[in-house]
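Visitor: below is the sequence, then the predicted model.
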Amino acid sequence: MADTLAPAPVRETGQPAAPSPRRRRDRLVLGAALAWPVLLLVEWAADGRIWLGHLVGIVPPAAFVLVPLLLAALAALARGAARWRSLAAAVLALAAGFGQSGFDPAALWRAEPRPGPDSVRVFAWNTNSWNQLLGTQDHFYALLKAKDADVYLLHEYQHVTDDRKGRLPVDDLARLRREFPGHQVAVRGELVTLSRFPIVRQPAVGPAGDLPPGAGWAAEYRANKVLRTDVLVRGRTVSFYNVHMPVWNSMPDGLLSAAFYRHMRERFAPRKAQYAGLEADLAANRNPVVVAGDFNATAAMSDLDPLRERLDDAADVSTDPYPTSWEEGGWKPFWRTDWAFTGNGARAERYVFGEPEELSDHAVQDLWVSLPGNG
């Protein structure tokens, strides 16, 4: 008796065979590896050019290293050409995005800096609405005085309304002068600079130069986001720039709200004007310069690119391979929005982020600077 053979499966004409699970996995891995470089290209095209480009500020800068590394690890799941193409895409993305990551591997073997005896100590801090919301005024002033800085660059010299959407002026000058009898005081809008050295000039920077005489506090608040003070330090004029750039987002409204995107659109032009004003002033200034404050920008955002090209980031002398400053008490490990730069002969000798002692959601910036001929 002849064996009965089972009929061979018949494929319908014109219907391709379904890909195997392994082939589907190869395609998925390769697609993910290619998607990240495409997102990088979109981000580069949008950031700084259109207001929606500021959404990159939500991404923790570490993602520009961690995501390509994860994709490189996933490439091992693919086979043959898909594996090598996935790995190549991950390596390309890592190389292209590393500068936006905020990582500084050299800090791991950098020696702990030792400032010289003639260094100028600078303290910069976002005071969280002049300590209206957290702690006590005594604690606030004790923290400031404990730093014993030569120059203080303080932001948010203001109070907020009950809904935290409005800004109100404060008058704490009497106590400031009492607590810091050896310092001169400069105030514009929400910015306060204290200097142990004589202040010789306070030229307006950027949009602040367009303010009419006698402008009210609200106009000063909007226009003065950079307070420049020219200070006489041991016979040499040094320009200190106290910076608090407008925030680009309204995180309390949430990413899904229309108010969030309306805020982004409305703040885009004022931010660009403030950054442009700062860059123009620095380009024309031949004094040694120290620029520090809350820039409301991360390493992933293009706003800082001209400053990082012109000046030296103080973090270049830090021993922290991934410095972060915001949000203290919350998601601090992910973002740095507070920056310090030096140039024209001024040089950072030591730079650290310090604890704000639960008085602010921003770390404090401690910076020691040497000047030409003094270090």
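Guide: Sure thing, it's come through.
Visitor: SS state for the nearest residue to residue 110 once chain neighbours are set aside?
Guide: Distances taken as CB to CB, 6 or more residues apart in numbering place residue 319 nearest to residue 110, at 5.3 Å, with adjacent residues excluded. Backbone N, C-alpha and C define where each C-beta goes, glycine included. Recorded secondary structure, residue 319: coil (DSSP: H, G, I helix; E, B strand; the rest coil).
Visitor: residues contacting residue 319?
Guide: By CB atoms under 8 Å, 6 or more residues apart in numbering, the residues touching residue 319 are 107, 110, 111, 112, 113.
Visitor: so the first one touches residue 351, yeah?
Guide: In other words, residue 107. No - because the distance of 10.6 Å does not satisfy CB atoms under 8 Å, residue 107 is recorded as not touching residue 351.
Visitor: distance check, the residue nearest to residue 110 against residue 353.
Guide: Distance of residue 319 to residue 353, computed by CB to CB, to the nearest Å: 11 Å.
Visitor: what's the answer for residue 141, then?
Guide: According to CB to CB, residue 141 and residue 353 sit 21 Å apart.
Visitor: looking at those two, which has the bigger crowd around it?
Guide: Between residue 141 and residue 353, counted using other CB atoms under 10 Å, residue 353 has the larger neighbour count: 22 against 17.
Visitor: bridging residues for residue 185?
Guide: residue 194 (DSSP bridges).
Visitor: pull the number of nearby residues for it.
Guide: Burial measure for residue 185: 14 neighbouring residues, criterion other CB under 10 Å.
Visitor: helix/strand/coil for residue 299?
Guide: Residue 299 carries the three-state label coil when classified by three-state DSSP.
Visitor: show me what contacts it?
Guide: Neighbour list for residue 299: 61, 99, 100, 101, 102, 336 [criterion: CB under 8 Å, 6+ apart].
Visitor: of all those, which comes closest to residue 233?
Guide: The shortest distance between residue 233 and any of the contacts of residue 299, using CB to CB, involves residue 336 and amounts to 27.6 Å.
Visitor: so for the closest one, what pLDDT did the model give?
Guide: Per-residue confidence for residue 336 comes out at a pLDDT of 93.
Visitor: which residue ranges of the stretch 1-150 of the chain form strands?
Guide: Using DSSP state E, counting those that start in this stretch, the strands found in the stretch 1-150 of the chain span residues 120-126.
Visitor: and if you look at the stretch 151-300 of the chain?
Guide: Using DSSP E, counting those that start in this stretch, the strands found in the stretch 151-300 of the chain span residues 151-155, 159-160, 167-168, 184-188, 191-195, 199-201, 226-233, 236-244, 289-294.
Visitor: out of those strands, flag the one nearest residue 132.
Guide: strand 159-160 (4.8 Å).
Visitor: just how off-centre is that closest one within its chain?
Guide: 23 Å (CA atoms, centre = their mean, to the nearest Å).
Visitor: again, but for stretch 130-144
Guide: On the basis of CA atoms, centre = their mean, stretch 130-144 sits 24 Å off its chain's mean C-alpha point.
Visitor: right, and the pair among the contacts of residue 299 with maximum separation?
Guide: 99 and 336 (14.0 Å).
Visitor: between these two, which one's more packed in?
Guide: Here residue 99 and residue 336 are set side by side on neighbour count (other CB under 10 Å), and the busier one is residue 336, at 21 against 14.
Visitor: look up phi and psi at the more buried one.
Guide: Dihedral angles of residue 336 (phi, psi; degrees, to the nearest 10) stand at phi -120, psi 110.
Visitor: contacts only, for it.
Guide: The contact partners of residue 336, taken as CB under 8 Å, 6+ apart, are 61, 102, 298, 299, 323, 324, 325, 326.
Visitor: same list (the strands of the stretch 151-300 of the chain) but as CSV, adding mean pLDDT and distance to residue 121.
Guide: Compiled in CSV, the strands of the stretch 151-300 of the chain are given as follows (pLDDT from 0 to 100; distance: least, CB to CB, whole Å):
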stretch, mean pLDDT, distance to residue 121
strand 151-155, 98, 7
strand 159-160, 87, 28
strand 167-168, 88, 30
strand 184-188, 95, 16
strand 191-195, 98, 12
strand 199-201, 96, 17
strand 226-233, 98, 12
strand 236-244, 97, 12
strand 289-294, 98, 11
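Visitor: which one of the ones you listed lies nearest to residue 274?
Guide: Closest approach to residue 274 among those (CB to CB): strand 226-233, 6.6 Å.
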